[in-house]
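K.L.:
Everything below, folded, please.
(2 chains)
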Amino acid sequence: MSNAVVTGTGILRVRRQYSKSLKDLAAEAAFKALDESGLDSVDYVVVSSSLSYTEIGQLGLSGHISNYIGLTGVRSIAVEDGEASGLAAVEVATYLIKSGVADNVLVIGVDKLTEFTSGRVYEDLQKINDSELFLLHKIGHAGMAGLLMRMYMNRYNIPRDELSYWPALMHSYAKENPNAMLRFAIDPLAVKKSLSIADPITLLDSFPLGDGAAALVISNSEVSRGEGLAKIKACASSTGFTNPFSQDDPLKIGSLISAYQKLIEMTGLKISDIDVMEIHDSFTITAMMILESLGLSKEGEAAKDVANGKYSKDSRPAINLSGGLKARGHPIGATGVYMIAELSRQLGGVFEGVSLNNASKALAIQINGFGSSSRLVLLERR
Amino acid sequence: MTVEDLSVPAHWRRRLTYYRLVAGRCKKCGRLHYPPAPACPYCGSKDLELIEINNKGKLETYTIIYSAPGKSRGRAPIIVGVVNIEGLRIVSELTDIEPEELKTGIDVEPVLRRMDEDTNKGIIRYAIKFRPVLVPKSEERG
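P.N.:
Next up, the predicted model:
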């Protein structure tokens, strides 16, 4: 079976892009990735976007974008899995290579979150939750996070300020990443004092609203002949409960545990083998739940571990050197593509921000909401 | 979804979920799920029955939403809680309670309340919310 290799990456800084359309952002990232791979065209275009219909009003996105960037006549498909869309697109692209359907696939992740006021965007974002159950009550994405964060703090008796070291750590990484949205350091004590969104969640606990696009060229290793930044070793995913409170323990992400188990069975992976990870820290509490669901921290100890420096850049695995969803930004459908582009560049020794020497294994993790699905992609150095 | 764009049939279809706390019970594994689904989310069995769970429960966790989505922003702060009724956790708005009175572990009971109004179609929407159970004075004195 063919191996899938990342041969090109294109990353745009997450920011408010009032002067550029969704298709402009997609084009800019796509051209960067194609330039890096040395290709003019590909066999297949896979587009990942979650909010393009509601924010931009565009259907049939993969065809419209392909035509806009001069790839008329190629095959294309759009992939949508809420917040986990980006890694879903990478999974599809990998299978297109491994099955021999395509030799070169262009993956484009793109979303615009600043076309309308934040109230409108929050309204679209709440559709990440089970619409049947939650839309009437206007609970929203941050509201679900607030319910989980209070449950976590009460159960393990965790002071608010102990949870504030995560956003501070993310900002310290984002400061060094030219493609991050929030490139400034924050004091952990500032988190509690920032605007309350869904108590106890504050503005600094949550991801910023920004526009973004990232792209990848994924190639058959036999065709790329030794070129490329990183090999896509395995993709694993799992469905879970659409409502985290239907789980016996709402603070464990069942779909993540299940997807991680599959990845271990597929690859014999041990978490201690991983040098660097990008995890889906949509809110501070999501990061804590991921660290504990993977067993990296014991139950109720993730916040303390972060505060004590367990997840610093010198420890293994180093986590979210990009600044994470929290500070690099989370342009919903694009985020997973950012993760793979950033981790590929880490493994290839060309990441622009805080970087590791000789990293050989990297893991990307995405979750839709609080676990309706979870996706993992394991990368290896070439 | 704005108030205006919820379709009339969609709201009518969800009347058991919105107006009565009807849950599914799996005859195979015995677990409850809400709202009712065509297969048990725990064991996959299709041998299910509907039951109404109109009881009081305990508040397990809550949040106070200040950045409410879309047109409900005017209703903020919106208080939302997770209510545990016989092991089934229901996420719902809380009412007749102020932010400073909130405490996990208190008893709450379901009550039908007005939610909002669709000014185009003239639909006034109601939903189950939960409110604190009043403790009779005699009990309070112990």
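
K.L.:
can you pull the contacts of the residue nearest to the spatial centre of chain B?
P.N.:
When C-alpha atoms, centre = their mean is applied to chain B, the residue found nearest the centroid is B:Ser92 (3.5 Å). When the contact criterion is C-beta atoms under 8 Å, 6 or more residues apart in numbering or on different chains, the partners of B:Ser92 are A:137, B:80-81, B:83, B:110, B:128-130. Just so you know, the C-beta spots here come from the backbone N, C-alpha and C atoms, and that holds for glycine as well.

K.L.:
Filter those down to just the ones in strands.
P.N.:
The strands, defined by DSSP state E, take in B:80-81, B:83, B:110, B:128-130 from those.

K.L.:
which bits of chain B sit near chain A?
P.N.:
Counting by C-beta under 8 Å from any C-beta of the partner chain, chain B comes close to chain A at B:1-2, B:6, B:14, B:17-18, B:33-35, B:41, B:60-73, B:75, B:78, B:80-82, B:89-93, B:99, B:104, B:115, B:125, B:127.

K.L.:
Would you mind checking the residues you listed for buried ones?
P.N.:
Neighbour-count burial (16 or more other C-beta atoms under 10 Å in any protein chain shown) applied to those gives B:1, B:6, B:14, B:17-18, B:33-35, B:41, B:60-73, B:78, B:80-82, B:89-93, B:115, B:127.

K.L.:
In strands, which of the residues you listed appear?
P.N.:
Filtering those for strands - DSSP E - leaves B:33, B:60-65, B:78, B:80-82, B:89-93, B:115, B:127.

K.L.:
okay, and the helix or strand of chain B with the least pLDDT?
P.N.:
helix B:137-141 (a mean of 60; mean pLDDT, DSSP states H and E).

K.L.:
what does chain A give?
P.N.:
Result, chain A / mean pLDDT, DSSP H and E: helix A:131-134, a mean of 76.

K.L.:
That one: what's the following helix or strand?
P.N.:
Downstream of helix A:131-134, the next assigned helix or strand under DSSP states H and E is helix A:140-156.

K.L.:
and that following helix with strand B:88-93, angle?
P.N.:
On the basis of axes from the mean of the first three to the mean of the last three C-alpha atoms, to 10 degrees, helix A:140-156 is oriented at 130 degrees to strand B:88-93.

K.L.:
do helix A:140-156 and chain B meet?
P.N.:
Yes: for helix A:140-156, a contact with chain B is found by C-beta under 8 Å from any C-beta, at A:140, A:142-144, A:146-151, A:154.

K.L.:
Any idea how far whatever helix or strand comes next after that helix is from the middle of the chain?
P.N.:
Using DSSP H and E, the helix or strand that follows helix A:140-156 towards the C-terminus is helix A:165-174. Centroid separation for helix A:165-174 versus its chain: 16 Å, with C-alpha atoms, centre = their mean, to the nearest Å.

K.L.:
Checking my notes, A:Thr346 in a helix, right?
P.N.:
Not Thr; residue A:346 is Gln. Yes: assessed with DSSP: H, G, I helix; E, B strand; the rest coil, A:Gln346 lies in a helix.

K.L.:
Tell me who's in contact with it.
P.N.:
Shown in contact with A:Gln346 (C-beta under 8 Å, 6+ apart): A:276, A:321, A:355-356, A:359, A:362.

K.L.:
shaky segments in the stretch 51-200 of chain A?
P.N.:
Along the stretch 51-200 of chain A, segments meeting pLDDT under 70 span A:135.

K.L.:
Could you look up the SS state of the closest residue in space to B:Tyr34 that isn't next to it in sequence?
P.N.:
Computed as C-beta to C-beta, 6 or more residues apart in numbering or on different chains, the closest residue to B:Tyr34 that is not its neighbour in sequence is B:Ala23, at 4.3 Å. Here B:Ala23 is strand, with the state taken from three-state DSSP.

K.L.:
Which residues does B:Ala23 form beta bridges with?
P.N.:
B:Ile51 (DSSP bridges).

K.L.:
List the buried residues of stretch A:63-72.
P.N.:
Neighbour counts over stretch A:63-72 (16+ other C-beta under 10 Å) mark A:63-66, A:68-69, A:71 as buried.

K.L.:
Among the residues you listed, name the ones in helices.
P.N.:
When DSSP state H is applied, the buried residues of stretch A:63-72 are split such that A:63-66, A:68 fall in helices.
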